[in-house]
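Q: My questions are about this predicted structure, shown below with the sequence.
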Amino acid sequence: MTSPDNLPDSPEANVPDKADVPVAAEAPVARHGMFGAADSGDTSGYGGLVVRRAPQISTPRPYGGYFDEVVDALALDDAIERVVVDRGELTLHVKRERLVEVCQKLRDDPALRFELSLGVSGVHYPHLAGEELHAVIHLCSLTHNRRVRVEASAPDSDPHIPSTVGVYPGHDWHERETYDFFGIIFDGHPALTRIMMPDDWEGHPQRKDYPLGGIPVEYRGATIPSPDRRRSYS
């Protein structure tokens, strides 16, 4: 019978204690109201997402837990623009031209071994001049039971980020979806075409400067209006 002492570490075992992680000061909730509710924070996206705690620009060392070990083993300081530890999670902001190199080392280095990618997603920050578009990669090390987020940015005027399909083949579909919804062009992708929207669709629907209105849907004789017509959003 296996004793508790012989059980493998749980994922929580390798996560830094929250007390060891630098935390930004709490910001007051500025507005309320979600889908007609007036007594809760607005997370609908239609009235403006409430940020209860402003994200950190960069985190000073020590990062806590295994985070310092990951950054030290990566040893590519000239490729890392900044390191952010927030809410017990590690994010490496990488220069886009070095993204493939960083991912390759994260996967192949025995001290790192982030063999599993959980996918690629996109974010649009219209207010961040010169880095409006972000590609976000979530990696997991099955060998060391660790996680890391890798983020690379590009300006609206030059929305190109290198494809990482050669390192993580599953990114084929994820990069297509991110291109479809955000307009990030992944250079070197084997077939960068839309995967969700029709081929002749204009624009990228998850960008924050995309019109909110959608297309009315007909279902069994009933017409469902576009999102901005369903409720009155302030």
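A: Looks like it came in fine.
Q: Please name the residues that touch the closest residue to V123 other than its chain neighbours.
A: Of all residues not flanking V123 in the chain, H134 sits nearest, at 4.3 Å (C-beta to C-beta, 6 or more residues apart in numbering). Any C-beta I mention is one placed from the backbone N, CA and C, and that applies to glycine too. By C-beta atoms under 8 Å, 6 or more residues apart in numbering, the contact list for H134 reads 122-125, 151-153.
Q: quick check, H134 in a strand?
A: Yes: counting by DSSP: H, G, I helix; E, B strand; the rest coil, H134 falls inside a strand.
Q: Could you number the chain from 46 rather than 1 from now on?
A: Noted, 46 is the first residue going forward, which turns the last one into H179.
Q: Quick check: it vs Y170, distance?
A: Computed as C-beta to C-beta, to the nearest Å, the H179 to Y170 distance reads 7 Å.
Q: Could you list the single helix or strand in the chain with the lowest mean pLDDT?
A: Lowest by mean pLDDT, DSSP states H and E among the helices and strands of the chain is strand 77-79, with a mean of 53.
Q: For the chain, give me the ranges with low pLDDT.
A: Low-confidence segments of the chain, defined by pLDDT under 70: 46-101, 258-262, 272-273, 275-279.
Q: the strands in it, which residues?
A: For the chain, strands defined by DSSP state E occupy the ranges 77-79, 82-86, 125-131, 134-139, 161-169, 178-186, 191-199, 205-207, 230-232, 262-264, 267-269.
Q: List the buried residues for the fifth one?
A: Pointing back at strand 161-169 there. 162, 164-169 (16 or more other C-beta atoms under 10 Å).
Q: cool, stretch 237-247 as well?
A: 237, 240.
Q: Next, name the residue at the spatial heart of this protein.
A: The chain has V181 as the residue nearest its centroid, 3.8 Å off, counting by C-alpha atoms, centre = their mean.
Q: Pretty sure that residue sits against G167.
A: Yes: V181 lies in contact with G167 (C-beta atoms under 8 Å); the separation is 7.0 Å.
Q: Look up how far L187 lies from the residue lying closest to Y108 once chain neighbours are set aside.
A: The shortest distance from Y108 to any non-neighbouring residue, by C-beta to C-beta, 6+ apart, is to V130 (4.9 Å). Distance of V130 to L187, given as C-beta to C-beta: 22 Å.
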